[in-house]
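Undergrad: show me the folded form of this:
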Amino acid sequence: MNRKDILVIDDDRDLTQSLKAYFEARGFGVRTAHSGGDGMREIENARPDIILLDIMMDSDADGFNLAYKLKEDKEKGEIPIIILSGFTDYLESRSGSFEFVMGRDWPATEFIKKPAALADIDQAVRRLLA
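TA: Numbering: from 1, shown residues only. The predicted structure is shown next:
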């Protein structure tokens, strides 16, 4: 099996380091970025096989903006994106509908609510890379 590369984009440096250590110990290549802009630079530098993306970073929609930008790109739009966020709490307190809040379709392949067990993230990554 070729080594798969994961890009973790999250402003929580403790989380990015935990995910990096966890997945590297399991044979993945892992790069990290701490903002949507840094994440896009990493993607343009070397395309990852999958992206783990937080929604709320520098601005309230930093992760969403990046996800939408990627989905609109012909080549980058094929990269699976797993959004890791506690944003569902916000949705549930509002309307329960992503489209109601954002006015657009969901930009990610999968959503995992934070805090998440590493095993759950691992399972989603492996399933999407299979």
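
Undergrad: how about the strands in the protein?
TA: Secondary structure of the chain (DSSP state E): strands located at 5-9, 29-33, 50-53, 81-85, 110-113.

Undergrad: distance between the third one and the chain's centre?
TA: Strand 50-53 has its C-alpha centroid displaced from the chain centroid by 3 Å (CA atoms, centre = their mean, to the nearest Å).

Undergrad: partners of that strand, with directions?
TA: strand 5-9 (parallel), strand 81-85 (parallel) (DSSP bridges).

Undergrad: ranking those strands by mean pLDDT, which is last?
TA: The stretch with the lowest mean pLDDT among those is strand 81-85, at a mean of 90.

Undergrad: got a list of contacts for that strand?
TA: 10, 15, 50-56, 63, 67, 70-71, 107-114, 116, 121, 124-125, 128 (CB atoms under 8 Å, 6 or more residues apart in numbering). C-beta coordinates here come from the backbone N, C-alpha and C atoms, glycine included.

Undergrad: any of these buried? List them.
TA: 10, 15, 50-56, 63, 67, 70-71, 107-112, 114, 116, 121, 124-125 (16 or more other CB atoms under 10 Å).

Undergrad: list the contacts of residue 28.
TA: By CB under 8 Å, 6+ apart, the contact set of residue 28 is 3, 4, 5, 6, 125.

Undergrad: report the buried members of the residues you listed.
TA: Among the contacts of residue 28, those that count as buried by neighbour count (16+ other CB under 10 Å) are 4, 5, 6, 125.

Undergrad: what does stretch 114-127 contact?
TA: Residues from elsewhere that reach stretch 114-127 (CB under 8 Å, 6+ apart): 6, 18-19, 22-23, 26, 28, 50, 52, 82, 84-86, 110, 112.

Undergrad: of those residues, closest to residue 76?
TA: residue 50 (12.3 Å; CB to CB).

Undergrad: my guess is that closest one meets residue 129, correct?
TA: Yes: counting by CB atoms under 8 Å, residue 50 does reach residue 129; the two are 5.9 Å apart.

Undergrad: what is in contact with the two at once?
TA: Listed contacts common to residue 50 and residue 129 are 4, 80; contacts here mean CB under 8 Å, 6+ apart.
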